[in-house]
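Undergrad: After the sequence you'll find the predicted model.
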Amino acid sequence: MKLMVLPADGIGPEIVAAAETVLAAADPKFGLKLDLEHEVVGFESLEKHGITLRPEILERAKTFDGVILGTQSHADYPPPAEGGVNISASFRVGLDLYANVRPARTREGLGLGKPGLDLVIMREATEGFYPDRNCFKGWGEVMLSPDMAISTRKITRHCCDRIARRGFELAQRRSKKVTAVHKANSFHMTDGLFLECVDIVAKEFPDVEVEDILVDAMTAHLVRHPERFDVIVTTNFYGDIISDLASELSGSLGLAGSMMAGDDLCAAQAQHGSAPDIAGQNIANPVSMILSVAMLLDWGAKRYERPELAEAAAAIEAAVDAALLDDAVRTPDLGGNGSTTVFAAAVAERLEG
């Protein structure tokens, strides 16, 4: 499996290196035949090339089997016209990585998180309330006067249909329940179109239970009874918000993996941000990045019909769970005495053992 590795900003290089340590242990054991190639993006690219993401990097990514994308400090980038390109958005839109898949699961033995929480949020990632990805040219946000700004939202049948379909397909492999999150009582046409697509796709999966919940009510239900949910399907903006909530309810945003997947390419990307305040201190929690890479391998198993990739993914997740129970290797944010490199080595050791 040929992977493009983009460490990016803040703690990105550290947690990506941790994931590579784990992959180095998994590769020979499971016969993965990994080929990793590194490129620069983010602030390093801005300094060297005057832009955070060179167009040729995005184009070259199409020739790889997958991408490992480190954290990015988007909020600190200069405006796009000055080279501050949103890297995640560029990958999602430019490579049509339309499914942002974000699991959240409470792990036993840590004393963190809501009991029984085990869900996956299937978030559409290429349109919606994001002004940098809802126009063919330009931005979907304008300032008509110093005192008036307007932002537009794009929702299409095509994108709603395929994210709903991926959600129902996933639910069939899990607990056979889909929850569609929306605000159709206010956004009659846009969220109405989303719900219409969910209803149409649902007819093809009669064995999957389906419900729909308003996004504001969903936040309350997630906090009160998170165990009732299995697969949550939603549009971009809602999914962005409730996935962070779900991950925190599972114990920490740093405990949940994430991937951006299309039909032909997948990128592993940690759920959390770049945390520049702790960069370079070897205390960053690498769990999210490691689990994201495991998700990438599992996606590759289905895409390329290579069961050994799925075996490696399952083994990595089990090794992470085991390592998390050891106070000596857990990172400080989780109440442990370990470090980024110590945790990565502990996961690798459990894989090799």
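TA: Yes, it's here.
Undergrad: quick one: the helices in the stretch 201-350 of the chain?
TA: Remark: helices assigned in the stretch 201-350 of the chain by DSSP state H, counting those that start in this stretch are 215-224, 236-249, 287-303, 307-324, 340-352.
Undergrad: Highest mean neighbour count out of those helices?
TA: Mean neighbours per residue, mean count of other C-beta atoms under 10 Å, is largest over those for helix 287-303, with a mean of 25. Where you see a C-beta, it was placed from the backbone N, CA and C, and this is true even at glycine.
Undergrad: for that one, what is the average pLDDT?
TA: Confidence for helix 287-303, expressed as mean pLDDT, is 97.
Undergrad: Check stretch 234-242 too.
TA: On average, stretch 234-242 scores 96.
Undergrad: So what touches that stretch?
TA: 100, 102, 121-130, 155, 160, 180-183, 191, 194, 215, 218-219, 222, 232 (C-beta atoms under 8 Å, 6 or more residues apart in numbering).
Undergrad: How about Leu69: what's its closest non-neighbour residue?
TA: Using C-beta to C-beta, 6 or more residues apart in numbering and skipping the chain neighbours, the partner closest in space to Leu69 is Gln269 (4.5 Å).
Undergrad: so how far is Met1 from the one you found?
TA: 17 Å (C-beta to C-beta, to the nearest Å).
Undergrad: Looking at those two, which is more packed in?
TA: Gln269 (31 against 22; other C-beta atoms under 10 Å).
Undergrad: Please verify my assumption that that one contacts Ser258.
TA: Yes - contact criterion C-beta atoms under 8 Å: Gln269 and Ser258 qualify, at 5.5 Å.
Undergrad: so what sits against both of the two?
TA: Contacts common to Gln269 and Ser258, judged by C-beta under 8 Å, 6+ apart, are Ser292.
Undergrad: separation between the residue nearest to Leu69 and Leu110?
TA: When Gln269 is compared with Leu110 (using C-beta to C-beta), they lie 23 Å apart.
Undergrad: which residues does Lys176 contact?
TA: By C-beta under 8 Å, 6+ apart, the neighbours of Lys176 are 207-209, 230.
Undergrad: Using PDB, list the CA coordinates for stretch 295-315.
TA: Output of stretch 295-315 as PDB, limited to C-alpha atoms (Å, rounded to 0.1, in the frame of the first residue of the first chain):
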ATOM      1  CA  MET A 295      -9.200   3.200   9.800                       C
ATOM      2  CA  LEU A 296      -7.200   3.900   6.600                       C
ATOM      3  CA  LEU A 297      -5.900   0.400   6.500                       C
ATOM      4  CA  ASP A 298      -9.400  -1.000   7.000                       C
ATOM      5  CA  TRP A 299     -10.700   1.100   4.200                       C
ATOM      6  CA  GLY A 300      -7.900  -0.200   2.000                       C
ATOM      7  CA  ALA A 301      -8.800  -3.800   2.900                       C
ATOM      8  CA  LYS A 302     -12.200  -3.300   1.300                       C
ATOM      9  CA  ARG A 303     -11.100  -1.100  -1.600                       C
ATOM     10  CA  TYR A 304      -8.200  -3.300  -2.700                       C
ATOM     11  CA  GLU A 305      -9.600  -6.600  -1.400                       C
ATOM     12  CA  ARG A 306      -6.600  -7.200   0.900                       C
ATOM     13  CA  PRO A 307      -7.900  -8.900   4.100                       C
ATOM     14  CA  GLU A 308      -4.400  -8.500   5.800                       C
ATOM     15  CA  LEU A 309      -5.000  -4.800   5.900                       C
ATOM     16  CA  ALA A 310      -8.200  -5.300   8.000                       C
ATOM     17  CA  GLU A 311      -6.300  -7.800  10.200                       C
ATOM     18  CA  ALA A 312      -3.700  -5.200  10.900                       C
ATOM     19  CA  ALA A 313      -6.300  -2.500  11.500                       C
ATOM     20  CA  ALA A 314      -8.000  -4.600  14.100                       C
ATOM     21  CA  ALA A 315      -4.700  -5.600  15.800                       C
END
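Undergrad: Skipping adjacent residues, who's closest to Gly257 in space?
TA: Using C-beta to C-beta, 6+ apart, the closest residue to Gly257 is Leu291 (3.1 Å).
Undergrad: surely the one you found meets Gly254?
TA: No - judged on C-beta under 8 Å, Leu291 makes no contact with Gly254 at a distance of 9.9 Å.
Undergrad: Pairing partners for Cys266 in the sheet, please.
TA: Beta-bridge partners recorded for Cys266 (DSSP bridges): Ala261.
Undergrad: so how many other residues sit close to it?
TA: Neighbour tally, Cys266, other C-beta under 10 Å: 27.
Undergrad: Tell me the confidence at it?
TA: With respect to pLDDT, Cys266 scores 97.
Undergrad: show me what contacts it?
TA: With C-beta under 8 Å, 6+ apart, Cys266 has these contacts: 66-67, 97, 259-260, 296, 299-300, 303.
Undergrad: Using TSV, lay out the residues you listed together with distance to Gly31.
TA: Formatted as TSV, the contacts of Cys266 follow (distance: C-beta to C-beta, whole Å):
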residue	distance to Gly31
Gly66	17
Val67	22
Leu97	27
Met259	22
Met260	26
Leu296	17
Trp299	18
Gly300	13
Arg303	17
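Undergrad: so which of those comes closest to Ala25?
TA: If you rank the contacts of Cys266 by distance to Ala25 using C-beta to C-beta, Leu296 comes first, at 15.9 Å.
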